[in-house]
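S.K.: need the 3D shape of this:
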Amino acid sequence: MGQVLIYDHPLIQHKIAMLRDKNTSTKDFRELVSEIAMLMCYEVTRDLPLKDVDVETPIGIAHEKMLAGKDICFVPVLRAGLGMVDGVLSLVPSARVGHIGLYRDPDTLEPVEYYCKLPVDVADRAVVVLDPMLATGGSASAAISFIKQRGAKDIKLMNLIAAPEGIDRVVEDHPDVDIFCAAVDKELNSHAYIVPGLGDAGDRLFGTK
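M.R.: The predicted structure follows:
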């Protein structure tokens, strides 16, 4: 059974407050998204397997631990998920990066796939799906389904801000997937935007309207 982890770290909460501010510039918004993703990645990778190693220091032999087993694949949901990639790669630079492109049908509000490119060995990797906003949960759930269709079993979802409706949707569709959120807001409005949220993450990341 998957778990939902909501961060309470002071640095993350401070940066989320800055991220929400409508006066935050595109440059600062982009930097904040990357920084928050990096801080969140620390917890997302907590259960990575380790192996014992001996390291020769200038003085002697140290008995240490290093990462073992599964390699990681980060999968941003285009386009807003791209803003989180640099932050997570700063902690795990050897990770592979897949991409999933989805857009939300304006009438049905359901996700439509237009692009999916994943490593050929994705089934053997620990996969972390990156999507700043978890609103209805439709896009995140669809992205996870696409990844599962390619054989992956160890999947986590990382969101900056989530709505209860989105969390409920992912938990219902994918009870085996852990969800990591920096903040959970109260609801969605009639246009399926998170309230109070931060607006359109993609537009704020890339300076578009």
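S.K.: just confirm Arg204 contacts Glu31, I think it does.
M.R.: No: no contact is recorded between Arg204 and Glu31 when judged using C-beta atoms under 8 Å, the distance being 12.0 Å. (C-beta placed from N, C-alpha, C; glycine too.)
S.K.: looking at these two, which one has more neighbours?
M.R.: Neighbour comparison, Arg204 and Glu31: the larger count goes to Arg204, with 23 against 18 (by other C-beta atoms under 10 Å).
S.K.: which phi and psi does the nearest residue to that one once chain neighbours are set aside have?
M.R.: Taking C-beta to C-beta, 6 or more residues apart in numbering, and ignoring the residues beside it in sequence, Arg204 has Phe29 as its nearest neighbour in space, at 4.9 Å. Reported as degrees, to the nearest 10, the phi and psi values for Phe29 are phi -60, psi -50.
S.K.: tally of neighbours for Phe29?
M.R.: Using other C-beta under 10 Å, Phe29 is surrounded by 23 other residues.
S.K.: over to Arg96?
M.R.: Applying other C-beta under 10 Å, we find 17 other residues in the vicinity of Arg96.
S.K.: renumber starting at 515 from here on
M.R.: Noted, 515 is the first residue going forward, which turns the last one into Arg610.
S.K.: which residues sit in contact with it?
M.R.: Taking C-beta atoms under 8 Å, 6 or more residues apart in numbering as the criterion, Arg610 is in contact with 585-588, 633, 636, 639.
S.K.: any idea which of the residues you listed has the most stuff around it?
M.R.: Phe588 leads the contacts of Arg610 on contacts (other C-beta under 10 Å) with 26 neighbours.
S.K.: I figured it hits Ser608, correct?
M.R.: No: under the contact definition of C-beta under 8 Å, Phe588 does not touch Ser608, with a separation of 11.2 Å.
S.K.: pLDDT score for the residue lying farthest from the centre of the chain?
M.R.: Outermost residue of the chain with respect to the C-alpha centroid, by C-alpha atoms, centre = their mean, is Ile573; its distance is 41.0 Å. The per-residue pLDDT reported for Ile573 equals 97.
S.K.: need the helices for this structure, in chain order.
M.R.: In the chain, the segments counted as helices under DSSP state H are 524-534, 540-558, 599-605, 652-663, 678-687, 715-720.
S.K.: and the residue farthest from the centre of the chain, how far from Asp566?
M.R.: Ile573 sits 20 Å away from Asp566, taking C-beta to C-beta, to the nearest Å as the criterion.
S.K.: also His705?
M.R.: Shown here: His705 relative to Asp566, a distance of 53 Å by C-beta to C-beta.
S.K.: ok, back up a step: identify, from the contacts of Arg610, the entry nearest to Gly713.
M.R.: When these are compared for distance to Gly713 (C-beta to C-beta), Phe588 wins out at 24.0 Å.
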